[in-house]
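Asker: build me a model:
(one chain, ligands or ions: 1)
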Amino acid sequence: MLNNNCRLYQSELDMDLGLKGKNVLVTGATGGIGLVTVRKFIEEGAFVIAHYHHNTAEAERLQHEYSLSILTLGADLSDEIQVQEMFTTISQKVGKIDILVCNAGIWPKADETVAQMSFKRWKRTQAVNLDSVFLCCRAFFRQLQTQIRESANIILIGSTAAIFGEAGHLDYSASKAALTYGFTKTLKNEIVKYARLGRVNTICPGWVKTPMSEDALADTKGVKKVLQTIPMRKIAQAEDIALSILSLASDVLSGHISGEILSVAGGMEGRILFSPTEIDPDTAF
Ligand code: NAD
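Answerer: Down below sits the predicted model:
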C-alpha cells in the first residue's frame, strides 16, 4: 500500500540517483523501516544484502521476490563472531560493500526509570543498538582498508530519543545518542582516510508506524500525546524514513553532505511530560 509520499516519489522523482549497481547492506531488513528501504534500493537498481535476525520467512520471501538483486543473510549483530562471518560471506559472494545502512535496533517497551531498570536490560539494549553498529562499522572499515576507493557511505538510524531523551527508556536514548553524535561525528573524519569522498550521516526518526511502535500507538490517547509536540500532527510511515535514507545514500543528491544528523520527525519539538491535571499552578511560582 503506497502512502501519499510514495505516489509523489513515483510520479515526480524521475531521475537517476546514481544507485544503480551499488552494493548496499541494510541491517534489520525484515523490520518495518528496513523492509521498505530494501525495496526502494532495489527499485533504484542497487544490489541489496538484506540482513535479518529471526524472521527467516520474510527473508525467504524477499530472496524469492528479488532473486538476482538480493542476498539475504541471517545474524545476531550483537555477536562479534556472527558479524565477522556475515562480512566474510559478503566478501566471498558479493565483493565490496558501497553503502552500509545500520538500521537494526530494539526499543524495550516497558517504561522503567533508571531506578527500576535492570542491568540486564541496559546491557542488552547497548549490545543490540550500539555494539552491533560498532561491529558492522568496524568490519566495513576493515574492508575499506584493503580496498581503498573514491566513495563509501554509512547511514546510521538514530532516534529523536537521542536529541530529546526519553523518560522510561534511558537505555534506548543513551544508545541512540552515542550513535547519533559519537559515531557520526567521529566516523565522518575516519572514513575519508580510506575513501576520499566517503560520507557518514545519521537519520533520527520520530514516531514511525512499524512493529516497534505499534503498542505505543495502539490507542488514540497515545497518538494524541505524541502528536502534541509535532507541528505536522502526523505519524511517519516507514516510507518517509526509507526515502530519506535513499536521499542520503545518493551521491547525486547528497554528495557533499557528511557528519549530519537529519531528523525525520514532522518538526518534533520534544516530549509532553505532564497532562494539565498533573500541574498545580499553586506550586508553580
Ligand atoms: P522493527 O522492530 O520493525 O525492526 C527492527 C529490526 O532490528 C528487526 O528487523 C529486527 O530483527 C532487528 N534486530 C533486532 N535485534 C537484533 C539483533 N540482535 N541482531 C540483528 N538484528 C536485530 O523496528 P523499526 O521501527 O523498523 O526500527 C528500525 C530502526 O529505526 C531501529 O534502529 C529503531 O530504533 C529506529 N527507530 C524507530 C522508530 C519507530 O517509531 N518505529 C523511531 C525512531 C527510531
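Asker: report pLDDT for whichever residue of the chain sits closest to the ligand.
Answerer: The nearest approach of the chain to the ligand comes at G31, 2.1 Å away (C-beta to the nearest ligand atom). All C-beta spots, glycine's among them, are computed from the backbone N, C-alpha and C. On pLDDT, G31 comes in at 96.
Asker: and A242, by the same measure?
Answerer: 98.
Asker: and it, which helix or strand is it part of?
Answerer: Taking DSSP states H and E as the criterion, A242 maps to helix 238-249.
Asker: kindly format the C-alpha coordinates of that helix as CSV.
Answerer: Below are the C-alpha coordinates for helix 238-249, written out as CSV (Å, rounded to 0.1, in the frame of the first residue of the first chain):
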residue,chain,number,x,y,z
ALA,A,238,8.3,3.6,7.0
GLU,A,239,8.4,5.1,3.5
ASP,A,240,9.2,8.5,5.0
ILE,A,241,12.3,7.2,6.6
ALA,A,242,13.3,4.9,3.6
LEU,A,243,13.1,7.8,1.2
SER,A,244,15.4,9.9,3.4
ILE,A,245,17.8,7.0,3.6
LEU,A,246,17.9,6.8,-0.2
SER,A,247,18.4,10.5,-0.4
LEU,A,248,21.5,10.4,1.9
ALA,A,249,22.7,7.3,0.1
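Asker: run through who's touching that helix.
Answerer: For helix 238-249, contacts defined as C-beta atoms under 8 Å, 6 or more residues apart in numbering pick out 2-3, 5-6, 9, 17, 19, 22, 24, 32-33, 35-37, 39-41, 44, 99, 101, 103, 153, 155, 157, 199, 201, 203, 205, 208-210, 253-254, 257, 262, 264.
Asker: Throw together a ChimeraX command that grabs the buried residues out of those.
Answerer: Buried members of these, defined by 16 or more other C-beta atoms under 10 Å, are picked up in ChimeraX with:
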select :6,9,17,19,22,24,32,33,35,36,37,39,40,41,44,99,101,103,153,155,157,199,201,203,205,208,209,210,254,262,264
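Asker: what does this structure have sitting close to the ligand?
Answerer: 28, 30-34, 53, 76-78, 103-107, 128, 132, 157, 159, 205, 207-208, 210-213 (C-beta under 6 Å from any ligand atom).
Asker: in helices, which of those residues fall?
Answerer: Among these, DSSP state H puts 32-34, 132 in helices.
Asker: tell me where this protein has helices.
Answerer: Using DSSP H, helices in the chain cover 4-12, 32-43, 56-66, 80-93, 119-126, 132-146, 160-164, 170-177, 184-190, 220-227, 238-249, 251-254.
Asker: what average pLDDT does stretch 96-113 get?
Answerer: Taken as a whole, stretch 96-113 has a mean pLDDT of 98.
Asker: and it, which residues are buried?
Answerer: Quick answer for stretch 96-113 (16+ other C-beta under 10 Å): 97-108, 112.
Asker: then stretch 191-207?
Answerer: 191, 194-195, 198-207.
Asker: count the neighbours of V38 for me.
Answerer: Other residues within reach of V38, judged by other C-beta atoms under 10 Å, total 27.
Asker: can you pull the contacts of it?
Answerer: Here V38 is in contact with 26, 29, 48, 50, 62, 70 (C-beta under 8 Å, 6+ apart).
Asker: can you give me the neighbour number for the last one?
Answerer: Okay, so that is I70. What I70 shows, counting by other C-beta under 10 Å, is a neighbour count of 21.
Asker: which residues does it bridge with?
Answerer: With DSSP bridges as the criterion, I70 is bridged to V48.
Asker: gap between it and V26?
Answerer: Going from I70 to V26 by C-beta to C-beta, to the nearest Å gives 10 Å.
Asker: cool, the fourth one as well?
Answerer: When distance is defined by C-beta to C-beta, A50 is 6 Å away from V26.
Asker: so what sits against both of the two?
Answerer: 34, 38.
Asker: now do the same for the residue nearest to L253 when sequence neighbours are not counted: its pLDDT.
Answerer: Spatial nearest neighbour of L253, excluding adjacent residues (C-beta to C-beta, 6 or more residues apart in numbering): S247 at 5.1 Å. pLDDT for S247: 98.
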